[in-house]
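**Student:** prediction below, plus the sequence it came from.
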Amino acid sequence: MKVMRFIPVNYHGKMGLGGDSSVEEYVFQLPESEKKKAQEELREDESIRKQSLDQLREWILKHPNIKKCRTDAPFLLRFLRTKKFSVPQASEMLERYLTIRQLYPQWFTKLDPEDPELAEIIDAGYLVPLLERDEGKLVLFSNAGKFDPHKFTSAHMVRVHSMVTEALMDDEVNQINGYTYINDESGFQMSHISLWSLTDIRNILRCIQNTTPMRHKANHFLNISSSAIKLIEFAISLLNEKLKNRIFIYKSLDELHAKIDKKILPKEYGGEVPLADMLEGFKKQLKSKRDDLLALDDMYIEIDEKTCPLVSEMNEELGIGLDGSFKKLTVD
């Protein structure tokens, strides 16, 4: 089993390695195709990777507020690869990542695959990675109709996404190639909208854009109803230009097939493998990751909510003439 490396605090308020100053030497073991892509797209080579890992570990060690943090290569490379080995940008993203875990525990902690509520949402087929990749990118497939808005909350929805993505982010192929998202919005109801406040939507999108170490490459939407369009339009308006340009909306399955090879899709959408079979395989993967997922809650950063810039950013007013929810939105 892979051993996570943590940096803990000692009694003097300084951070040390708890008597274990060793860090397992990293060895790049991926295929040549991934090595080439990492060099071309991320500026990654042996020298840059080693220097960047050393610098990021040193930054964690000296950070006055980070009291415990993973320092193993797969974890730190999430941030370095997302930020193309800019150590200052990777450091900022890591700090924000740790901070949002403290600010929003209802979204980012207790990611237990054996939690009965999370397990029920997974079992329903709401969110599952596909078996085949989209030109190297891992495909996350979601179906809004599989999420029961009368039984579960928006916090359940975010925690399921957090649990699934955390189980995938240490995979170095995913770190290098990034992610494609396919979202079937059939079954989306007004009751789904009522789960969310405008502020929560704004904040979760900020978390996705600025604190989640994932390369978001494309987001495909299918079967958008009149109920869903207002919510999606609002969400898109909050994204940066790069992510806006990576959103694609289709009126038919044939349009999706023109963009995505249908062989990689579930059988129900023109592919070859039933979604239920894909789901069973992923549930086994989640179970194998349970200890790692729960261990994430051991990480800790001290936050002064009066001076933390991220707290101020998240608490900004939306500046729109609505009551903070979607309840007054008119749906055509």
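**Tutor:** The structure has been received and is ready for your questions.
**Student:** which of the helices or strands spans Lys68?
**Tutor:** strand 66-70 (DSSP states H and E).
**Student:** within its sheet, name the partner strands of that strand and how each one runs.
**Tutor:** According to DSSP bridges, strand 66-70 forms sheet pairs with strand 6-7 (antiparallel), strand 300-301 (antiparallel).
**Student:** return the alpha-carbon coordinates of that strand using CSV.
**Tutor:** What follows is strand 66-70, C-alpha atoms only, in CSV (Å, rounded to 0.1, in the frame of the first residue of the first chain):
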residue,chain,number,x,y,z
ILE,A,66,0.3,24.8,7.7
LYS,A,67,0.4,22.3,10.5
LYS,A,68,0.0,19.0,8.7
CYS,A,69,0.1,18.3,5.0
ARG,A,70,0.9,15.4,2.7
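**Student:** can you give me the strands for the protein?
**Tutor:** For the chain, strands defined by DSSP state E occupy the ranges 6-7, 66-70, 127-129, 138-143, 179-184, 216-222, 247-250, 300-301.
**Student:** ok, what's across the strand from the closest residue in space to Asp298 that isn't next to it in sequence?
**Tutor:** Closest residue in space to Asp298, ignoring its immediate chain neighbours: Lys68 at 5.9 Å, by C-beta to C-beta, 6 or more residues apart in numbering. Where you see a C-beta, it was placed from the backbone N, CA and C, and this is true even at glycine. For Lys68, the beta-bridge partners are Tyr300 (DSSP bridges).
**Student:** my guess is Lys68 meets Glu302, correct?
**Tutor:** No. Here Lys68 lies out of contact with Glu302, judged by C-beta atoms under 8 Å, at a distance of 10.6 Å.
**Student:** between these two, which has more neighbouring residues?
**Tutor:** Neighbour tally, Lys68 and Glu302, criterion other C-beta atoms under 10 Å: the higher count belongs to Lys68, 17 against 14.
**Student:** closest one to Ile100 among the strands of the chain?
**Tutor:** Nearest to Ile100, of all those, is strand 300-301, at 10.0 Å by C-beta to C-beta.
**Student:** quick one: mean pLDDT for the closest one?
**Tutor:** Averaging pLDDT along strand 300-301 yields 95.
**Student:** same deal with stretch 207-223?
**Tutor:** On average, stretch 207-223 scores 93.
**Student:** right, and the strands of the chain - which one's nearest Ser33?
**Tutor:** strand 138-143 (15.0 Å).
**Student:** could you check the angle the closest one makes with strand 179-184?
**Tutor:** Orientation check (axes from the mean of the first three to the mean of the last three C-alpha atoms, to 10 degrees): strand 138-143 against strand 179-184 gives 20 degrees.
**Student:** just the C-alphas of stretch 30-44, formatted as CSV.
**Tutor:** Output in CSV follows, covering the C-alpha atoms of stretch 30-44 (Å, rounded to 0.1, in the frame of the first residue of the first chain):
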residue,chain,number,x,y,z
LEU,A,30,4.5,6.3,-17.1
PRO,A,31,4.5,5.5,-20.9
GLU,A,32,6.6,7.5,-23.3
SER,A,33,3.5,9.2,-24.6
GLU,A,34,2.7,10.7,-21.2
LYS,A,35,6.3,11.7,-20.8
LYS,A,36,6.2,13.6,-24.1
LYS,A,37,2.9,15.3,-23.3
ALA,A,38,4.2,16.3,-19.9
GLN,A,39,7.3,17.9,-21.5
GLU,A,40,5.3,19.6,-24.3
GLU,A,41,2.3,20.9,-22.3
LEU,A,42,3.6,21.2,-18.7
ARG,A,43,7.4,21.9,-19.2
GLU,A,44,8.1,18.9,-17.1
